[in-house]
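Asks: Dropping a prediction and its sequence here:
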Amino acid sequence: MELRCPRCRSKTTELIECEICHEIGCPRCMKKSHGKWVCYKCKEPERYYHPEEEKIQSAFTSMFG
């Protein structure tokens, strides 16, 4: 069964989820970095998305505001 990648719209038979930001893409859009499948945004360390850190920061902001 052929699928269309939601990121690049290419035809593919496999979709992969980014292990950091949970975006979905084809093997062309995803890369294996440090043993994890990551998207083009997350393959650079300074652009990693960490939802847990965001929750902690918002909790501190609401407490100390």
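Replies: Done, it's in.

Asks: okay, how far is it across stretch 12-19, tip to tip?
Replies: Across stretch 12-19, the terminal residues are separated by 19 Å (Cα to Cα, to the nearest Å).

Asks: Contacts for it, please.
Replies: Stretch 12-19 has contacts (Cβ atoms under 8 Å, 6 or more residues apart in numbering) with 1-6, 23-30, 36-39, 42. C-beta here means a position set from N, CA and C on the backbone, and glycine is covered the same way.

Asks: Which residue is the nearest non-sequential neighbour of T12?
Replies: Nearest non-adjacent residue to T12, counting by Cβ to Cβ, 6 or more residues apart in numbering: C26, 4.0 Å away.

Asks: how far does stretch 11-23 stretch from start to finish?
Replies: One end of stretch 11-23 to the other measures 17 Å (Cα to Cα).

Asks: Give me the mean pLDDT for stretch 4-16.
Replies: Taken as a whole, stretch 4-16 has an average pLDDT of 92.

Asks: Retrieve the pLDDT associated with the closest residue in space to C42 that isn't next to it in sequence.
Replies: In space, and not counting its chain neighbours, C42 is closest to I20: 4.3 Å by Cβ to Cβ, 6+ apart. Turning to I20, the model gives it a pLDDT of 85.

Asks: Phi and psi next, for I20.
Replies: Note on I20: backbone dihedrals following degrees, to the nearest 10 are phi -110, psi -60.

Asks: Measure how buried it is and give me the count.
Replies: Around I20 there are 19 other residues, counting by other Cβ atoms under 10 Å.

Asks: Now do it against P6, distance only.
Replies: For I20, the distance to P6 equals 17 Å [Cβ to Cβ, to the nearest Å].

Asks: related to what we said a few turns ago, give me the buried subset of the contacts of stretch 12-19.
Replies: Neighbour counting with 16 or more other Cβ atoms under 10 Å marks C5, E23, G25, C26, C29, M30, W37, V38, C39, C42 as buried within the contacts of stretch 12-19.
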